[in-house]
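> how does the following fold in three dimensions:
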Amino acid sequence: MAPDTVSLRYFLVLAQELNFTRAAARIGIAQPALSARMRRLEAELGTALLVRNTRNVVLTTAGAALAESAPPALAALDRAWDTARSAAAGELGTLRIGYSLSAGAETTPTLVDRLIRGNSGLEVGAVPMATPEISPAVADGRIDAGITRGEQPGRGVRRFLLRRERIGVQLAQHHPLAERPEIEIADAAAYPLRLPDRAANPVIHDQLSAVFRDTRPHPDSTRSQSLSTCLSATCATGSPSPRPEKPRPRHNRPVSPGDRCGARPA
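A predicted model of the protein is given here:
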């Protein structure tokens, strides 16, 4: 039977001090407790490790051999414990991440970089996926975590908010509204709008559509597959459609539901 590591560590302190009183004080236990530990260690090994007298301690041949070979063995054991704890905490192995294309510009690279720098034993693989497929892939174990725009539906996953972003309108440099520091919703609605394709991200499409839902007149919105991953609506240049003269609300929606990370429940 292998000796317990606590007694072995105590023995190494005693082998350095060669004095029970000093060793016990250094360890922080009573001298009789240390003596009992050493007798039990010798019994487990079946050999004497120490020659005791009233003033000091001398190592036997077996004791000297143990004092030389035990430190690297304990260091290896400590590394094994640390490895096991790191693996249990998710700091070792491979982490598979699926992300929406629109989250690939800033959110995903930043997150992956922090994961790699903070966990040297972790291998991170990130692949772009169609947004509606990410939550199901997390739920059935094809990937370990997913990053999407908006809170995507799906069972069997836990969701965490990573960041928030303001809703914006992209304008051409020569657009009539481009010089304004702030654009009212009704002003933007007077021009044809290009929204992300709903099939690519129904959540974001519906949220953007809701911004203009109560606006009169309703904007002429078109979809573009090439813009299916944009978060903001894009206002095209053109002649404004007639609209009634009445007070119009300013577009002061503070933030849109931003990138979210989904992971399987532990």
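> distance from stretch 63-83 to the middle of the chain?
Centroid displacement of stretch 63-83 relative to its chain, using C-alpha atoms, centre = their mean, to the nearest Å, is 33 Å.
> buried residues in it, which are they?
Gly63, Leu66, Ala67, Ala70 (16 or more other C-beta atoms under 10 Å). (C-beta placed from N, C-alpha, C; glycine too.)
> what is the rounded mean pLDDT of it?
Here stretch 63-83 scores 88 as its mean pLDDT.
> contacts for that stretch next, please.
5, 8-9, 11-12, 15, 45, 48-50, 59, 92, 121 (C-beta atoms under 8 Å, 6 or more residues apart in numbering).
> how near is the closest residue to Asn19 other than its chain neighbours to Ala23?
In this structure, Asn19 finds its nearest non-sequential neighbour in Asn56, 5.6 Å apart by C-beta to C-beta, 6 or more residues apart in numbering. Here Asn56 is placed at a distance of 11 Å from Ala23 (C-beta to C-beta, to the nearest Å).
> neighbour count: the two, which is higher?
For Asn56 and Ala23, the more surrounded residue by other C-beta atoms under 10 Å is Ala23, and the numbers stand at 22 against 13.
> where does the prediction get shaky in the stretch 101-250 of the chain?
Low-confidence regions of the stretch 101-250 of the chain, defined by pLDDT under 70, span residues 214-250.
> what residue is smack in the middle of this structure?
In the chain, the residue lying closest to the centroid (C-alpha atoms, centre = their mean) is Leu115, at 6.3 Å.
> list the contacts for it?
Leu115 makes contact with Leu95, Leu122, Val124 under the criterion C-beta under 8 Å, 6+ apart.
> in what helix or strand does Thr47 lie?
Under the criterion DSSP states H and E, no helix or strand holds Thr47.
> assess the claim that Asp144 and Leu122 are in contact.
No. Here Asp144 lies out of contact with Leu122, judged by C-beta atoms under 8 Å, at a distance of 10.9 Å.
> strands of the stretch 101-250 of the chain, start to end?
122-128, 145-149, 158-161, 169-171, 193-196, 221-224, 233-235 (DSSP state E, counting those that start in this stretch).
> which strand residues bridge the closest residue to Asp144 other than its chain neighbours?
The shortest distance from Asp144 to any residue other than its chain neighbours is 4.8 Å, reached at Arg96 (C-beta to C-beta, 6+ apart). Beta-bridge pairing of Arg96 under DSSP bridges involves Gly125.
> got the angle for the longest helix belonging to the chain vs strand 122-128?
Using DSSP state H, we find that the single longest helix of the chain is helix 61-88. Helix 61-88 runs at 20 degrees relative to strand 122-128, counting by axes from the mean of the first three to the mean of the last three C-alpha atoms, to 10 degrees.
> let's number from 36 now, not from 1
That works, and once the first residue is 36, the last one we named lands at helix 96-123.
> from the contacts of stretch 98-118, which has minimum pLDDT?
Comparing these by pLDDT, Leu127 comes last, at 65.
> out of the contacts of stretch 98-118, who's the most crowded?
Busiest of those [other C-beta under 10 Å] is Phe46, holding 25 neighbours.
> before we move on, which element is that residue in?
Taking DSSP H and E as the definition, Phe46 sits inside helix 40-52.
> hey, what's the angle from that helix to helix 96-123? Just curious.
130 degrees.
> residues in contact with helix 40-52?
Residues from elsewhere that reach helix 40-52, judged by C-beta under 8 Å, 6+ apart: 55, 58, 61-62, 64, 69, 72-73, 75-76, 79, 84-85, 92, 94, 98, 101-102, 105-106, 109, 112.
> before we move on, back to that, just the buried subset of the contacts of Leu150, please.
With neighbours counted by 16+ other C-beta under 10 Å, the contacts of Leu150 contain buried members at Leu130, Val159.
> pick the one among the contacts of Leu150 closest to Glu168.
Glu168 has its nearest neighbour among the contacts of Leu150 in Leu130, at 18.4 Å by C-beta to C-beta.
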